[in-house]
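Asker: below is the sequence, then the predicted model.
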Amino acid sequence: MLHAFLENCLHNLFKLLEMGMTASRKLRDLRSAGRGFIFFGLLAPNIFATVGIIVAYSCGYLTHTAFSVLRFPKRARPCRSPRRWD
């Protein structure tokens, strides 16, 4: 059980490390893209997340169901072995 947990965590860690290395190779391309592209990359996820939360609250209000931003599904927990998911 512990072995599967550690294996999954290390796999995720190495995947993130590989993604970071790939992104660091592309930094020269980002400099040539300009400031507008950088600002869009920083602001767009925040704006779209806010719009998504507003839409989710609206759907919850219209259907009379509770919606909470802090309520995560069970499968959103990091470093869990897929064999142990309910």
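Answerer: That came through, no problem. Numbering: from 1, shown residues only.
Asker: any weak-confidence spans in this protein?
Answerer: The chain contains residues with pLDDT under 70 at 68-86.
Asker: most distant residue from the centre of it?
Answerer: His64 (27.8 Å; C-alpha atoms, centre = their mean).
Asker: so who does it touch?
Answerer: If a contact means C-beta atoms under 8 Å, 6 or more residues apart in numbering, then His64 has no contacts. For every residue, glycine as well, the C-beta is placed using N, CA and C.
Asker: ok, Leu42 to Ala4 distance?
Answerer: Distance of Leu42 to Ala4, computed by C-beta to C-beta, to the nearest Å: 37 Å.
Asker: likewise for Phe48?
Answerer: To Ala4, Phe48 is 35 Å away according to C-beta to C-beta.
Asker: please apply the same query to Tyr57.
Answerer: When Tyr57 is compared with Ala4 (using C-beta to C-beta), they lie 37 Å apart.
Asker: got it, and Ala33?
Answerer: Ala33 is 41 Å from Ala4, by C-beta to C-beta.
Asker: and if you look at Ala66?
Answerer: 34 Å.
Asker: what does Thr22 give?
Answerer: Distance, Thr22 to Ala4, by C-beta to C-beta: 27 Å.
Asker: again with Glu18
Answerer: 21 Å.
Asker: so Cys59, which of the three states?
Answerer: Under the three-state scheme (DSSP: H, G, I helix; E, B strand; the rest coil), Cys59 adopts helix.
Asker: my guess is it contacts Phe67. True?
Answerer: Yes - if you go by C-beta atoms under 8 Å, Cys59 and Phe67 touch, sitting 7.4 Å apart.
Asker: which helix or strand contains Phe67?
Answerer: In the assignment (DSSP states H and E), Phe67 maps to no helix and no strand.
Asker: ok, back up a step: more neighbours: Ala66 and Ala4, which one.
Answerer: A direct count of neighbours by other C-beta atoms under 10 Å for Ala66 and Ala4 places Ala4 higher, at 13 against 7.
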